[in-house]
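# Mind looking at a prediction? Sequence and model below.
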Amino acid sequence: MAELGIAMDGRAPIADIAAQAQAAEAGGATTLWIACHLFLRDPVTTAALALAATKRIKIALMALSPYSMHPVYIAMAAASLDEMYPGRVILCLGSGAPADLKAAGIDSPRPLVAIGEAVKVCRQLLAGEMADFHGRMFNVAGRRLVNGGRRIPIVLAASRPNMLRLAGRQTDGVLISAATSPPFVKACLDQVGSGHKSCIVYTRLGPVDTVRRPIGFVLRGAHHAENIRLGGATLDQQALAAAYATENWSEVDRLVSDDIVRRHAACGTAAEVRSKLDEYRAIGLDEVVLGGLDDAGSIAAALKAAV
């Protein structure tokens, strides 16, 4: 049976984090995946609060981008958390959502190069080595982390072929985006090879309206066209992106139809949720990460339904 994790996307009030983390731990989740979305809540602060409120559950910083945070600072953040809570920190790297980077005025060229170099810089620093890296995008030399020598797993958030293969070659695992259909997830795993394989699945017991906007947030990205195609649904991504940009929520909800929700999430009754999650488990995932849960009660209910 695949492990269960919980994803936190940065929308919940910071005062609610401790209760959500405790609900996840009590419900048997192995990992809290704490998202780094620009303009939402800071993942490092959120991770520190979640770690302090729990005893065993691991925390994954997901997915820190070398475009918005220098690899040295990424390594510093992960090492500092692990110093206080050893063995409970995972570092997940990713290029970041293109629309959010653009909104912040951040260029994101050559993502494969940027992520590959960030992995190498973080590896050296977290190991406690004297950094000696000279790349095309990053140069770090002659310094080491004061609190290095830490065994922190590094995984990649990936969904495109080259990045998936990079995850298989250079990291400890892969995390596949939320709102991905089972056929797309399978296609991704076929390209990864070795390592820990995780995927976020938006999950909701009862009415599905609250999950439409998180799904739309992901599927608005042009790079999810293949995901939608393999899932078998029809979606006007350009219209969805425009609706999101103008905060036209009624149009977002209309575009993210019941058919989209059915194919790209696990929603409905407890039996329907469990059945859909079983589709993802059958693909060969090591961990199914439940996402789209915005309070402690919904986290506890979803974990109970998932087993």
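That came through fine. The model shown is predicted, which means the values in this text are computed figures rather than measured ones.

# Would you list the phi and psi of Glu287?
Backbone torsions of Glu287, given as degrees, to the nearest 10, read phi -150, psi 130.

# That one: neighbouring residues, count only.
Counted with other C-beta atoms under 10 Å, the neighbours of Glu287 add up to 21. Where you see a C-beta, it was placed from the backbone N, CA and C, and this is true even at glycine.

# What count of nearby residues applies to Leu40?
Residues lying near Leu40 (other C-beta under 10 Å) number 14.

# how far away is it from Ala131?
Leu40 is 30 Å from Ala131, where distance means C-beta to C-beta, to the nearest Å.

# ditto for Pro13
38 Å.

# The two - which one has more neighbours?
It is Ala131, of Pro13 and Ala131, that has more neighbours when counted by other C-beta under 10 Å, with 20 against 9.

# In this protein, where's the longest strand?
strand 196-205 (DSSP state E).

# where in the stretch 151-300 of the chain is pLDDT low?
Scanning the stretch 151-300 of the chain for pLDDT under 70 picks out no residues.

# in it, which spans are helices?
Assigned by DSSP state H, counting those that start in this stretch, the stretch 151-300 of the chain shows helices spanning 161-170, 182-192, 209-219, 225-231, 237-245, 249-255, 258-264, 270-283, 296-306.

# Distance to Val119 added to those helices, as JSON lines?
Formatted as JSON lines, the helices of the stretch 151-300 of the chain follow (distance: least, C-beta to C-beta, whole Å):
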{"stretch": "helix 161-170", "distance to Val119": "5"}
{"stretch": "helix 182-192", "distance to Val119": "15"}
{"stretch": "helix 209-219", "distance to Val119": "24"}
{"stretch": "helix 225-231", "distance to Val119": "24"}
{"stretch": "helix 237-245", "distance to Val119": "30"}
{"stretch": "helix 249-255", "distance to Val119": "34"}
{"stretch": "helix 258-264", "distance to Val119": "29"}
{"stretch": "helix 270-283", "distance to Val119": "25"}
{"stretch": "helix 296-306", "distance to Val119": "31"}
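
# quick revisit: what strands flank the longest strand of the chain, and is each parallel or antiparallel?
Note on strand 196-205: by DSSP bridges, its sheet partners are strand 173-176 (parallel), strand 266-268 (parallel), strand 287-291 (parallel).

# roughly how far out does the first one sit from the chain middle?
Pointing back at strand 173-176 there. Strand 173-176 sits 8 Å away from the centroid of its parent chain (C-alpha atoms, centre = their mean, to the nearest Å).
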